[in-house]
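Peer 1: Take a look and give me a structure for this.
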Amino acid sequence: MPKHVLLNNVDHQEVKVLSKFAADLGDNIASVVAFPTEFIELQKEYTIVFRKDEQSEKFSAAVLLGLKKGENLYLDPKSHLGWAANYIPSSIIRGPFLIGFQQQQENGQTISTPVVHLDIEHPKVNVDDGEALFLENGGNSDYLQQISTRLMSIHQGMLMQNTLFELLTEMQLIEAVNIDFDLANGEKHRLLGNYTINEEKLASLDIHQLDKLHKSGMLPLVYAVIASITNVKHLIDIKNQRQA
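Peer 2: Below you'll find the model as predicted:
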């Protein structure tokens, strides 16, 4: 069970985190949450889809890593760090880390300061192998600084996604999509529960709607989602290679 604690250079001076990726380290999952701040990078190598929470009816984004539950086709023990892609999704690379906020008083006002939390029960956390979190003098290691940057990107992406999905819903640009594919061995499959951008409706938007998407900064993200759909073929190719 996860046990998140506030990270500090006193209690966690000796803690290390494995930066590699493997099934036995909890990385064998078929999809992970994605954030608008990384859509441009993700669309180069992954398929971005939307998911809908049936209770709240709110949308979120995800990237496909596998074609069935418990499968991550980007895991490759022969590749650098065990991951066969140039960009690693933030939800994966953050590993045992979470961003949180502390309430502090400054000039008589309460402000929220971002802080890093660590899941000390995570399989990548230990004291023997991996990346050190702190330098001998107590400063943050390069690895922890990189993780902190990704955590801030996640935070910013969570704020951006509200605007993104409000605009997409307002303009009725979200549509359900069934992903059908055949494997080389003759198996036929269908991935359900995913959504994407309706390209016909996007093309029919008037100039005012397009301008609204452009000024909000969301238009490039819309095109990134559309472009990413072709990466499903990459997953199918990997699946066929590993089954051969």
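
Peer 1: gap between the residue of the chain most remote from its centre and residue 31?
Peer 2: Relative to the centre of the chain, and counting by C-alpha atoms, centre = their mean, the farthest-placed residue is residue 108 at 36.9 Å. Distance from residue 108 to residue 31, counting by C-beta to C-beta, to the nearest Å: 45 Å. To be clear about C-beta, it is placed using only N, CA and C from the backbone, and glycine gets the same treatment.

Peer 1: follow-up on the earlier one: run through the residues that contact the residue farthest from the centre of the chain.
Peer 2: Shown in contact with residue 108 (C-beta atoms under 8 Å, 6 or more residues apart in numbering): no residues.

Peer 1: Which pLDDT does the model give it?
Peer 2: If you check residue 108, the pLDDT there is 76.

Peer 1: Okay, strands next: where are they in the protein?
Peer 2: 4-6, 16-17, 31-34, 47-52, 59-64, 97-106, 109-119, 125-126, 131-132, 174-182, 188-197 (DSSP state E).

Peer 1: would you turn these into TSV with distance to residue 228 and mean neighbour count?
Peer 2: Shown next, in TSV, are these (distance: least, C-beta to C-beta, whole Å; neighbours: other C-beta atoms under 10 Å):
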stretch	distance to residue 228	mean neighbour count
strand 4-6	31	13
strand 16-17	29	20
strand 31-34	10	21
strand 47-52	4	21
strand 59-64	8	21
strand 97-106	25	13
strand 109-119	29	14
strand 125-126	32	17
strand 131-132	30	17
strand 174-182	12	14
strand 188-197	9	14
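
Peer 1: what sits against residue 112?
Peer 2: 101-104.

Peer 1: could you measure it against residue 203, distance?
Peer 2: Residue 112 is 41 Å from residue 203, by C-beta to C-beta.

Peer 1: the longest helix in this protein is where?
Peer 2: What stands out as the longest helix in the chain, according to DSSP state H, is helix 142-170.

Peer 1: Just want the angle from it to strand 47-52.
Peer 2: 60 degrees (axes from the mean of the first three to the mean of the last three C-alpha atoms, to 10 degrees).

Peer 1: helices and strands around helix 142-170, which ones?
Peer 2: Helices and strands touching helix 142-170, as assessed by 3 or more C-beta pairs under 8 Å, 6 or more residues apart in numbering; DSSP states H and E, comprise strand 59-64, helix 90-93, strand 97-106, strand 109-119, strand 131-132, helix 207-216.

Peer 1: swap the cut-off to 7 Å and go again
Peer 2: strand 59-64, helix 90-93, strand 97-106, strand 109-119, helix 207-216 (3 or more C-beta pairs under 7 Å, 6 or more residues apart in numbering; DSSP states H and E).

Peer 1: For residue 155, find the nearest of these.
Peer 2: Set against residue 155 and scored by C-beta to C-beta, the helices and strands packed on helix 142-170 come closest in strand 97-106, at 5.4 Å.

Peer 1: For the closest one, which outside residues touch it?
Peer 2: 4, 110-118, 147, 151, 154-155 (C-beta atoms under 7 Å, 6 or more residues apart in numbering).

Peer 1: show me what contacts the nearest residue to residue 29 once chain neighbours are set aside?
Peer 2: The spatial neighbour of residue 29 that comes closest, neighbours along the chain excluded (C-beta to C-beta, 6 or more residues apart in numbering), is residue 72 at 5.8 Å. When contacts are counted by C-beta under 7 Å, 6+ apart, residue 72 touches 27-30, 65-66.
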